[in-house]
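J.: task: produce atomic coordinates for the following.
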Amino acid sequence: MAHTPTEPDVSETSLAGQILIAMPTLGDPRFAHSVIYLCDHSDKGAMGIVVNRPLETPSFEDLLRQLNVDPVPPARSIRLCSGGPVDNARGFVLHTADWTGEGSLRVDDRFALTASLDILKAIAGGGGPRQGVLALGYAGWGPGQLDTEIQHNAWLSAPADPALVFDADNDTKWRRALAALHIDPLLLSATAGHA
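T.: Predicted structure coming up:
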């Protein structure tokens, strides 16, 4: 059962505001080599946006046309990605926290998540947040599910770097996320183990 966030939980045990990096032991092919920005993590579940699965179609301009958002062509655009397998007909903009609107979820002082048309109108008009990515769908976990997956070596967590989260070099993002933790992906084993 997936979980849609209401308020971010930034307690000591929460990983909200971190990135999750898929390990080779992760058995779900939908998340192989994924980098996920975690927007919410509490005892009620977790929600994140996969930031390294680009969408070529529709384009940002096509999406604005479908939603009747002006101006088309837009004054500026943002890249689109497949944010995860849950609710993938719904759009979420993960963006820098320098802009927020009604219904924005401020994850921390650097990142926010908005699921309203206001942000698309602002971006199309040349304003909005400094950086962002429009995700169709999200990754969701039920209560305790993500914690269990982390205990079973399916994910590593790391501090979120806006430069990594928002850049368009999706092909190397997973390797670069591991490199930030000083981990060589070639030395990772697909076999889990506990000492």
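
J.: what about the helices in the protein?
T.: Taking DSSP state H as the criterion, the chain carries its helices at 60-66, 117-124, 145-151, 162-166, 170-180.

J.: dump the C-alpha coordinates for the shortest one into CSV.
T.: Pointing back at helix 162-166 there. Provided in CSV are the C-alpha atoms of helix 162-166 (Å, rounded to 0.1, in the frame of the first residue of the first chain):
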residue,chain,number,x,y,z
PRO,A,162,20.9,19.2,-5.6
ALA,A,163,23.5,19.1,-8.3
LEU,A,164,23.1,15.3,-8.6
VAL,A,165,19.3,15.3,-8.1
PHE,A,166,18.6,17.9,-10.8
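
J.: report the contact partners of the most centrally placed residue in the chain.
T.: For the chain, the residue nearest the mean C-alpha position is Ile49 (2.2 Å; Cα atoms, centre = their mean). By Cβ atoms under 8 Å, 6 or more residues apart in numbering, the residues touching Ile49 are 36-37, 39, 81, 83-84, 92, 94, 113, 133, 135, 138-139. From N, CA and C alone the C-beta is placed, and that goes for glycine too.

J.: for Arg90, same thing?
T.: Counting by Cβ under 8 Å, 6+ apart, Arg90 has contacts 115, 136-138.

J.: look up the pLDDT of it for me, please.
T.: For Arg90, the model assigns a pLDDT of 94.

J.: quick one: end-to-end length of stretch 79-93, please.
T.: End-to-end span of stretch 79-93 (Cα to Cα, to the nearest Å): 10 Å.

J.: quick one: distance of that stretch to the chain centre.
T.: A distance of 9 Å separates the centroid of the chain from that of stretch 79-93, by Cα atoms, centre = their mean, to the nearest Å.

J.: identify the residues contacting Ser157.
T.: Ser157 is in contact with 15, 18-21, 38, 150, counting by Cβ under 8 Å, 6+ apart.

J.: so which of those are in strands?
T.: Judged by DSSP state E, strands contain the following of those: 18-21, 38.

J.: most neighbours among those residues, please name it.
T.: The residue in the ones in strands among the contacts of Ser157 with the most neighbours, by other Cβ atoms under 10 Å, is Leu20 (28 neighbours).

J.: thought it was touching Trp155?
T.: Yes. Contact status for Leu20 versus Trp155: in contact at 4.6 Å, counting by Cβ atoms under 8 Å.

J.: quick one: low-confidence ranges for the chain?
T.: Applying pLDDT under 70 to the chain flags the ranges 1-12, 189-195.

J.: residue contacts, the nearest residue to His95 once chain neighbours are set aside?
T.: If the residues on either side of it in the chain are set aside, His95 comes closest to Gly132, at 3.2 Å by Cβ to Cβ, 6 or more residues apart in numbering. Gly132 is in contact with 78, 93-96, 119, 123, 166, counting by Cβ under 8 Å, 6+ apart.
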